Structure formats: C-alpha cells, structure tokens
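# heads up, no residue letters with this:
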C-alpha cells in the first residue's frame, strides 16, 4: 500500500516543482538578468526642451547576469507608446546602460533617442522593456509621490 502512494505522489510533486520554477521566475531572470534599474523622469531645473535638459531625462537598464545580452531589436517604451528600439548592441555582464531622451552620440554605456520633446511623464508613467518579439522583459512605474527619479 505504501509503494502505491509514493508512485502516485511522485508525479504530482514533480509537476508542482516544475510549476513553482515557472511561476516564481521573473521576466528579468528569463532575459538573462536585464532589468529597468533606474529612471530619471524629471530632469533637474526648468523643462525648457534644451538638449541638456532632454538628456537629463533617462532610463538606466542593468544586466545583472554573468554574460552579455544582445539587445538588438529590443524596445523601451512609455505608457503612451513612445518607442526607442535598440540597434545591434550588447549590454555586458553586470553593466548598466542609460537611454537618454535627447540627441547625442551613442557609446557603450549611453544611448540617445534623438528626440526634441520629453518622453517620461513627471506625474506618473511606466518604462517597459520588451524583447524584439514583444515579450515583456521588465517594467518600472512611478507616480507623483516619487521625487524626480525612481530606482526600480
């Protein structure tokens, strides 16, 4: 009788373990540890649309994984669907990368959307990072109770 109960219980336990591993893993873990790490949504000073002011508004992503991740075709967008599509670029293991709103020359750690208007709302918004196929990787939201930036 005892061996019948064990044989019946083992498949159920294996299924539960598999389900727990699937349900409790986060989208960032599935994407190699890439997360929306820090958002500076309200650039310091007067919002005068100068390039310096626009570039003081940025989203920082972080690769917490142990290997580089290709971001080619990935999209960073806000709640109004203003989209920035990453070109053929990799984010190194344990590295960060800022995506600025204004104009500039891309480097390994800084990318520029080349916009002439602000993207991130000061009152509330959500920065969402998706893979090229549209699968959500991570997001970060804020409201007016946050000061001018948010660690996610």
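All right, it came through fine. Computed from a predicted structure; not experimentally measured.
# in contact with the residue nearest the centre of the chain, which residues?
The chain has residue 36 as the residue nearest its centroid, 3.1 Å off, counting by Cα atoms, centre = their mean. Neighbouring residues of residue 36 by Cβ atoms under 8 Å, 6 or more residues apart in numbering: 59, 60, 61, 127, 128, 129, 138, 139, 140, 152. Placement of C-beta: from N, CA and C, glycine included.
# where in this structure is pLDDT low?
1-32 (pLDDT under 70).
# so which residues of it form helices?
For the chain, the helices defined by DSSP state H occupy 2-23, 27-30, 51-55.
# coming back round to it: give me the nearest residue to the residue nearest to the centre of the chain, chain neighbours excluded.
Spatial nearest neighbour of residue 36, excluding adjacent residues (Cβ to Cβ, 6 or more residues apart in numbering): residue 140 at 4.2 Å.
# which residues does the one you found bridge with?
residue 127 (DSSP bridges).
# which strand residues bridge the residue nearest to the centre of the chain?
Residues in beta-bridge contact with residue 36 (DSSP bridges): residue 61.
# so it versus residue 49, what's the distance?
Distance, residue 36 to residue 49, by Cβ to Cβ, to the nearest Å: 24 Å.
# check residue 81 too.
Following Cβ to Cβ, the distance that separates residue 81 from residue 49 is 21 Å.
# looking at those two, which has the bigger crowd around it?
residue 49 (12 against 8; other Cβ atoms under 10 Å).
# and residue 110, bridged to which residues?
Applying DSSP bridges, one finds that residue 110 bridges with residue 98.
# residues touching it, list them.
97, 98, 100, 104.
# how about those residues in CSV, adding neighbour count?
Below are the contacts of residue 110 laid out as CSV (neighbours: other Cβ atoms under 10 Å):
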residue, neighbour count
97, 24
98, 17
100, 25
104, 15
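# just give me the closest of the residues you listed to residue 55.
Among the contacts of residue 110, residue 100 lies closest to residue 55 (Cβ to Cβ), at 4.3 Å.
# which residues sit in contact with that closest one?
Per Cβ under 8 Å, 6+ apart, neighbours of residue 100: 54, 55, 57, 58, 110, 111, 112, 113.
# adding distance to residue 147, write those residues out as JSON lines.
Formatted as JSON lines, those follow (distance: Cβ to Cβ, whole Å):
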{"residue": "54", "distance to residue 147": "19"}
{"residue": "55", "distance to residue 147": "19"}
{"residue": "57", "distance to residue 147": "14"}
{"residue": "58", "distance to residue 147": "15"}
{"residue": "110", "distance to residue 147": "23"}
{"residue": "111", "distance to residue 147": "24"}
{"residue": "112", "distance to residue 147": "24"}
{"residue": "113", "distance to residue 147": "23"}
